[in-house]
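Enquirer: Pasted the sequence and its predicted model underneath.
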Amino acid sequence: MQHTIEVNGIKRYAYHGCLEEEGKIGGHYTVDVSIVTDFTASFASDELSDTVDYVKINQIVAEEMDIRSKLIEHVGYRILQRLQKEIDGVIHSRVKVIKHCPPIGGDVNDVAIIIEQ
């Protein structure tokens, strides 16, 4: 059986971007994570050890967002790789990284990338 766990709206202030100023000034980001797994055992046990710990997901996102990258694609891929490696039973995962108010020469709310594996 497959089930989905989502942790949405993880807010971070980070220093990603190709412009030198972005590395100094930083900006607001939001990350959404979705993991498909089987947590049937948790239905009966009511134990955290039988499901995915949301705290671990948030920790992985926070740690990877704290490492400066030029591209949010790079950050998203690192998050995805760690989810696959460090969380048991991941069947499929999806990471969305949103960069708010990007400096792209226009009035834009945000840009985002989505990576699935």
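Expert: Yep, it's here.

Enquirer: Contacts only, for Arg82.
Expert: Counting by CB atoms under 8 Å, 6 or more residues apart in numbering, Arg82 makes contact with Ile60, Glu63, Glu64. (C-beta placed from N, C-alpha, C; glycine too.)

Enquirer: give me that answer again for 6 Å
Expert: Ile60 (CB atoms under 6 Å, 6 or more residues apart in numbering).

Enquirer: Return the helix or strand in which it is found as CSV; C-alpha atoms alone will do.
Expert: Assigned by DSSP states H and E, Arg82 belongs to helix 72-86. C-alpha atoms of helix 72-86 as CSV (Å, rounded to 0.1, in the frame of the first residue of the first chain):
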residue,chain,number,x,y,z
ILE,A,72,17.6,26.6,-6.8
GLU,A,73,17.7,23.5,-9.0
HIS,A,74,20.9,22.5,-7.3
VAL,A,75,19.4,23.0,-3.9
GLY,A,76,16.3,21.1,-4.7
TYR,A,77,18.3,18.2,-6.1
ARG,A,78,20.4,18.0,-2.9
ILE,A,79,17.3,18.0,-0.8
LEU,A,80,15.8,15.2,-2.9
GLN,A,81,18.9,13.1,-2.7
ARG,A,82,19.1,13.3,1.0
LEU,A,83,15.4,12.4,1.4
GLN,A,84,16.0,9.3,-0.7
LYS,A,85,19.1,8.4,1.2
GLU,A,86,18.2,9.2,4.8
